[in-house]
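**Student:** Sequence first, then the predicted structure, then my questions.
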Amino acid sequence: MTKTFTIAGFDCESCVKLSDSILRDLPGVTDVKISGLDGKVTIQTEREIPLDEIQAAFEGTHYVVSK
């Protein structure tokens, strides 16, 4: 399955790397592509992952996940 969304709040490449790591830690995520600092994200998954589950993974960070 493919899911696309946006993550706001990237200031540098380290933000992108941290977000990549957070997403890869979600059960069922098989691939992550983040389009630089603009925050456009595409993930490949083995299961349907609701947006609220992705948002919960970023709780405690300054990043904002949206459609």
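**Tutor:** Cool, the structure landed.

**Student:** so the residue most central in space within the chain is in which element?
**Tutor:** Computing the C-alpha centroid of the chain and ranking residues by CA atoms, centre = their mean puts L23 first, at 4.9 Å. Assigning secondary structure by DSSP states H and E places L23 in helix 13-24.

**Student:** if we can go back for a sec, was I right about the residue nearest to the centre of the chain contacting Q55?
**Tutor:** No: taking CB atoms under 8 Å as the definition, L23 is not a contact partner of Q55, at 11.7 Å. Using the backbone N, CA and C atoms, a C-beta is placed for each residue, glycine as well.

**Student:** Any regions of this protein where pLDDT drops low?
**Tutor:** By pLDDT under 70, the chain contains no weakly predicted segment.

**Student:** residues touching D38, list them.
**Tutor:** Residues counted as contacts of D38 (CB atoms under 8 Å, 6 or more residues apart in numbering) are F10.
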